[in-house]
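>>> Need the 3D shape of this:
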Amino acid sequence: MRVHVLTLFPELFGAALAVGPLKWARERGALEVSLHQIRDYTTDRHQQVDDTPYGGGQGMVMKVEPLVAAIEHASAVDRPHRILLAAQGAPFTQARAEALAAMPGLLLVCGRYEGVDARVADYVDETLSIGDYVLSGGELAALVVLDAIARLLPGVLGNAASAAEESFTTGLLEYPQYTRPLDFRGKLVPDVLRGGDHGAIARWRREQSLRLTLERRPDLLARAPLDDADRAFLRRLGWRDG
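Numbers count the residues shown, from 1 in each chain. This next block holds a predicted model:
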C-alpha cells in the first residue's frame, strides 16, 4: 500500500514511522509513505497557506488553492482514496480501518488552524475524525489512521491472530491478559488460564470481553454479534437487551 500524506509539518512523522508496526510495514514492503509539504504547492513568494475567513470569525482557515493543487498532484498517478482528517468527519472505527487496509493506496489531508476551506471537500472521497475532541492539526490523526491500518497489512504483525483478537475487531473490548509472575502482591492470575482446558479458557475470555464491554462501552453491544449464551451471560449481569 502506498499512502500520501499532505501536511505543513512533515517532520512530525519521522519518529513515528521509524518504530513499531509502521517501521515493520515499511521494511517488509507492505507500506510506502510519501510526505508532501503543502507549502510547496503555493504560488506566492510568502508561501501563504491560510487566510482570514469570509464572514469574520476567530483564527485562520487553510486556503483551497494549495490544498487542491497538492491533492491533484499526489493523486495524478495512482489515484488513491482521498481522506480529509477533520473534527466534523465520520468516526474512524476498526471496521473502517479494515476497509481502508484493503485499498491499494490512500491520501491523507492534514488540516491546521481553524480548519480548511469547505470547497476542499469536493476533492476528497471522505472526511474522517478520530474522536470527539479538537487537535491542533490533522497530523496526529493521520498517524492514528496509519498505525491502525499498518498492523492489518499482511505480514506486518508476527502473529496474524493478534489483530483478529484485539478490541473492536470482534465488536467487543478485548479480554484481560496476564503474564508472569503468577502472584503479584497478592493478585493471582485466574485459575482458568492455568488449567489447560482450552474450551474453558475460550469461554472465560468471551465472558470477560462481554463484562468489560458492558461496564465500559455498553453502546457496542447493540452492534456486536451475540449468541444465546452471550445474551444469557449479559442478562445475569443486569443487561437489558433492546
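>>> At the geometric centre of this protein, which residue do we find?
Residue closest to the average C-alpha location in the chain (CA atoms, centre = their mean): V145, at 3.6 Å.
>>> mind checking how far that one is from L100?
7 Å (CB to CB, to the nearest Å). Placement of C-beta: from N, CA and C, glycine included.
>>> Which strand in this protein has the most residues?
Identified as the longest strand of the chain according to DSSP state E is strand 81-91.
>>> Which secondary structure element of the protein has the lowest mean pLDDT?
helix 160-164 (a mean of 61; mean pLDDT, DSSP states H and E).
>>> Give the closest residue to Q37 in space, chain neighbours not counted.
P10 (5.7 Å; CB to CB, 6 or more residues apart in numbering).
>>> count of neighbours near that neighbour?
16 (other CB atoms under 10 Å).
>>> ok, back up a step: overlap of the contact sets of V145 and L100?
I83 (CB atoms under 8 Å, 6 or more residues apart in numbering).
>>> Relative to the centre of this structure, pull out the residue lying furthest away.
G186 (37.0 Å).
>>> Quick check: V3 touching P104?
No. Counting by CB atoms under 8 Å, P104 is not a contact partner of V3; they are 10.3 Å apart.
>>> Looking at the two, which one has more neighbours?
Comparing V3 with P104 by other CB under 10 Å, the one with more neighbours is V3, at 24 against 10.
>>> can you give me the helices for the protein?
Assigned by DSSP state H, the chain shows helices spanning 14-17, 20-27, 64-75, 94-101, 139-150, 160-164, 198-216, 228-236.
>>> can you list the weak-confidence ranges in the protein?
159-167, 242 (pLDDT under 70).
>>> contacting residues around R119?
Applying CB under 8 Å, 6+ apart, the residues contacting R119 are 64, 68.
>>> Break the protein into its domains for me.
2-150, 165-242 (automatic domain parsing).
>>> L108: neighbouring residues, count only.
Around L108 there are 27 residues (other CB under 10 Å).
>>> my read: it touches P80, true?
No. At 9.1 Å, L108 does not count as touching P80 under the criterion of CB under 8 Å.
>>> Now list whatever residues contact both of these two.
If you check L108 and P80 against CB under 8 Å, 6+ apart, the residues they both contact are 3-4.
>>> need the contact list for the nearest residue to L146 once chain neighbours are set aside.
Sequence neighbours aside, L22 is the residue nearest to L146 in space, at 6.1 Å (criterion: CB to CB, 6+ apart). L22 makes contact with 16, 31, 33, 146-147, 150, according to CB under 8 Å, 6+ apart.
>>> Among those, which one lies nearest to R216?
D147 (21.8 Å; CB to CB).
>>> Now for the closest one, how many residues are close by?
Neighbours of D147 under the rule other CB under 10 Å: 16.
>>> what about it, distance to H46?
Taking CB to CB, one finds D147 at 34 Å from H46.
>>> Burial check on the nearest residue to L67 once chain neighbours are set aside, number of neighbours?
Nearest residue to L67 in three dimensions, chain neighbours excluded: V120, at 5.1 Å (CB to CB, 6+ apart). For V120, the number of neighbouring residues by other CB under 10 Å comes to 21.
>>> I'd say V109 and V68 touch.
No. V109 is not in contact with V68 according to CB under 8 Å; the separation is 10.0 Å.
>>> These two: which is more packed in?
Remark: of V109 and V68, V109 carries more neighbours, 27 against 17, as counted by other CB under 10 Å.
>>> residue contacts, the more buried one?
Contacts of V109 (CB under 8 Å, 6+ apart): 6, 67, 70-71, 82-85, 116, 120, 124, 138.
>>> now those: which count as buried?
Listed as buried from these are 6, 67, 70-71, 82-85, 116, 120, 124, 138; burial here means 16 or more other CB atoms under 10 Å.
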